[in-house]
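K.L.:
quick one, what's the 3D model for this:
(4 chains)
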There are 2 protein chains.
Amino acid sequence: MTSRKPVSIVEEPSLEEAVRTIEQSLSMNKMLIIVGECSVDYMGRASSKLKLGERFVIIKEDGSILVHRPKNYSPVNWHPAESHFEVQILKDKLLIKAFHRRFREVLKVFFRSVYLILVLDIVDKGEFTLYASEEDMQKAVLAHPEIIEKGFVPISYEKKVEPGFIDIYGIDSSNRLVVIEIKKKTAGRAAVLQLAKYLETIRGNSSRKVRGIIAAPALAKGVQQLLLTLDIEYKSLHPKKCAEILGQKNKTTLLDKYIP
Amino acid sequence: MTSRKPVSIVEEPSLEEAVRTIEQSLSMNKMLIIVGECSVDYMGRASSKLKLGERFVIIKEDGSILVHRPKNYSPVNWHPAESHFEVQILKDKLLIKAFHRRFREVLKVFFRSVYLILVLDIVDKGEFTLYASEEDMQKAVLAHPEIIEKGFVPISYEKKVEPGFIDIYGIDSSNRLVVIEIKKKTAGRAAVLQLAKYLETIRGNSSRKVRGIIAAPALAKGVQQLLLTLDIEYKSLHPKKCAEILGQKNKTTLLDKYIP
DNA sequence: TGCTAAATCTCGAAC
DNA sequence: GTTCGAGGTTTAGCA
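P.N.:
Numbering: from 1, shown residues only, chains lettered A, B, ... in the order given. Coordinates of the predicted model:
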């Protein structure tokens, strides 16, 4: 048994060698980075021509292709995933054709010379979280309760209540109990009904007035009426804003410290 | 004198070697592709965390940085141009910090191991034209003269006249001579004065009324007055529209032919 | 599947 | 430097 080789390098291949390498890698679903001198034609939703120059082309295992120049964040030409490829020699040039069926597009890269081909067999299962997770939103509220409302003071979080765990509970400026359910995305009926169950349990155990608040970036359609019926409030709370708030202590230490 | 080496490869460097290579390349304003096992933290307009995995990082000479996973067209993390970089070893990891001053952002890439570093010293002066080139615009006008005006009939193109070549000339519906100068981008004073010279030559050789038309997507500011003075007209002509006109015959032959 | 709206939008040009 | 507008925008959420 051979161990996986994450990086294979083909230096200064002839165009024929390059064709073989590229075809083989594509058939084995490996990623490619091809560096060389090329021109590019694109036609589809729009059309474009790029004259000869040195650049590199990335072909990913999901069938996306990108042509990158030495400048700019964005590729000069590309196809999103699901492209199909054809490689051939055509008049002393290596031609990579990428067809995108859904967009009815064709991208053609003509290599006059190939400096290097990288074949990457890399595995990436790393979890990616954007903005803030629901947990981070919770942290943001705990660290800065005023983002819910002035005078709110958290008492506990992840508190066990009959149907599950309450995200945050505390008291407001009038000493009323407040139960908060946090949602990262648009809050639907399910979220509201879950909070309603918590409230039912708590209201049954106490004679004090208990407020319920759904904190989410948005409210699903038709849920507004449900809130009125169940006597639950809605507070707009965006994960992005939470991230910024959490970051403020870091921002002074991180951003202001580091950015000249 | 040494000739430029477009591609340098550093395989399986130690983290210390990697730091040296990266710092050196950055200081010499060369492009970098770094393949390895890394995690990524981002904080700025939004924030994100990416756990350990195999991926590659591109750092371009304009200070843009991209972190690409094996899938997806778009990078998982990035900075647009104008980032500043710091490279260091931190707790058995290679840390690349990218600061973006304008956006007040920090991107941190922690490499646990580096498989390969590509240093690219590539030059790309190739012209990029989206939609249509000036030549295509000329073709579009020749194929469909009515996009200039109803009744216009081209007679010749690229005709030699004293200062250079006239893009297109022909006659209008009133049998007057028409000289057309085509520009792909906003027409400035230079373009108008060039056309004026052509007109001067032609008007000197003929007693007929000669019209001069600048065909371009836009007119630079202040040029309007110059047009009045020189008795030159302006016709809005967009390369995009020209491409669409030209593409009508190509779309069926190219796209339908190639895309399965 | 098609639309609507936001995006770490990017990017270039005008002010 | 900042703002404005277009883009093969892309991308995610909903009808």
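
K.L.:
run the chain-centre distance for stretch A:12-21.
P.N.:
36 Å (CA atoms, centre = their mean, to the nearest Å).

K.L.:
run the contact check for that stretch versus chain B.
P.N.:
No - Stretch A:12-21 is not in contact with chain B by CB under 8 Å from any CB of the partner chain; minimum separation 8.7 Å. Using the backbone N, CA and C atoms, a C-beta is placed for each residue, glycine as well.

K.L.:
which parts of chain A are strands?
P.N.:
A:7-11, A:31-43, A:47-59, A:65-68, A:77-79, A:83-90, A:93-100, A:105-120, A:128-130, A:153-161, A:164-171, A:177-182, A:210-216, A:232-236 (DSSP state E).

K.L.:
okay if I get those strands as CSV plus mean pLDDT?
P.N.:
Shown next, in CSV, are those (pLDDT from 0 to 100):
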stretch, mean pLDDT
strand A:7-11, 98
strand A:31-43, 97
strand A:47-59, 97
strand A:65-68, 98
strand A:77-79, 97
strand A:83-90, 97
strand A:93-100, 96
strand A:105-120, 97
strand A:128-130, 88
strand A:153-161, 77
strand A:164-171, 81
strand A:177-182, 90
strand A:210-216, 91
strand A:232-236, 89
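
K.L.:
who wins for proximity to residue B:50 among those strands?
P.N.:
Shortest distance between residue B:50 and these, using CB to CB, is found for strand A:128-130: 4.8 Å.

K.L.:
what helices and strands are in contact with that closest one?
P.N.:
Applying 3 or more CB pairs under 8 Å, 6 or more residues apart in numbering or on different chains; DSSP states H and E, one finds that strand A:128-130 contacts strand B:47-59.

K.L.:
re earlier: how about the strands of chain A in TSV, adding distance to residue B:230 and mean neighbour count?
P.N.:
Output for those, formatted as TSV (distance: least, CB to CB, whole Å; neighbours: other CB atoms under 10 Å in any protein chain shown):
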stretch	distance to residue B:230	mean neighbour count
strand A:7-11	58	15
strand A:31-43	38	22
strand A:47-59	33	22
strand A:65-68	42	24
strand A:77-79	40	23
strand A:83-90	48	15
strand A:93-100	46	21
strand A:105-120	43	21
strand A:128-130	56	15
strand A:153-161	74	13
strand A:164-171	72	18
strand A:177-182	68	23
strand A:210-216	63	23
strand A:232-236	59	16
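
K.L.:
need those strands in JSON lines (columns: distance to residue B:108).
P.N.:
Shown next, in JSON lines, are the strands of chain A (distance: least, CB to CB, whole Å):
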{"stretch": "strand A:7-11", "distance to residue B:108": "23"}
{"stretch": "strand A:31-43", "distance to residue B:108": "23"}
{"stretch": "strand A:47-59", "distance to residue B:108": "23"}
{"stretch": "strand A:65-68", "distance to residue B:108": "22"}
{"stretch": "strand A:77-79", "distance to residue B:108": "27"}
{"stretch": "strand A:83-90", "distance to residue B:108": "32"}
{"stretch": "strand A:93-100", "distance to residue B:108": "33"}
{"stretch": "strand A:105-120", "distance to residue B:108": "23"}
{"stretch": "strand A:128-130", "distance to residue B:108": "15"}
{"stretch": "strand A:153-161", "distance to residue B:108": "28"}
{"stretch": "strand A:164-171", "distance to residue B:108": "29"}
{"stretch": "strand A:177-182", "distance to residue B:108": "27"}
{"stretch": "strand A:210-216", "distance to residue B:108": "29"}
{"stretch": "strand A:232-236", "distance to residue B:108": "31"}
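
K.L.:
out of those strands, which is closest to residue B:104?
P.N.:
That would be strand A:128-130 among these, by CB to CB, at 18.1 Å.

K.L.:
which residue does the stretch 101-250 of chain A have closest to DNA strand D?
P.N.:
residue A:186 (3.1 Å; CB to the nearest atom of the strand).

K.L.:
of the strands of chain A, which is nearest residue B:168?
P.N.:
Closest among the strands of chain A, using CB to CB: strand A:47-59, at 21.0 Å.

K.L.:
what pairs with that closest one, parallel or antiparallel?
P.N.:
If you go by DSSP bridges, strand A:47-59 pairs up with strand A:31-43 (antiparallel), strand A:65-68 (antiparallel), strand B:128-130 (antiparallel).

K.L.:
could you redo those as a markdown table and give each row distance to DNA strand D?
P.N.:
Output for the strands paired with strand A:47-59, formatted as a markdown table (distance: least, CB to the nearest atom of the strand, whole Å):
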| stretch | distance to DNA strand D |
| --- | --- |
| strand A:31-43 | 5 |
| strand A:65-68 | 7 |
| strand B:128-130 | 5 |
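
K.L.:
quick one: which of those is nearest residue A:221?
P.N.:
strand A:65-68 (38.1 Å).

K.L.:
partner residues bridging the closest residue to DNA strand C within the stretch 101-250 of chain A?
P.N.:
Across the stretch 101-250 of chain A, the shortest distance to DNA strand C (CB to the nearest atom of the strand) belongs to residue A:130, at 5.2 Å. Beta-bridge pairing for residue A:130 (DSSP bridges): residue B:48.

K.L.:
right, and it touches residue B:50 too?
P.N.:
No - Residue A:130 is beyond contact range of residue B:50, at 9.5 Å (criterion: CB atoms under 8 Å).

K.L.:
separation between the residue lying closest to residue A:196 once chain neighbours are set aside and residue A:219?
P.N.:
If the residues on either side of it in the chain are set aside, residue A:196 comes closest to residue A:230, at 4.8 Å by CB to CB, 6 or more residues apart in numbering or on different chains. From residue A:230 over to residue A:219 the distance is 13 Å, taken as CB to CB, to the nearest Å.
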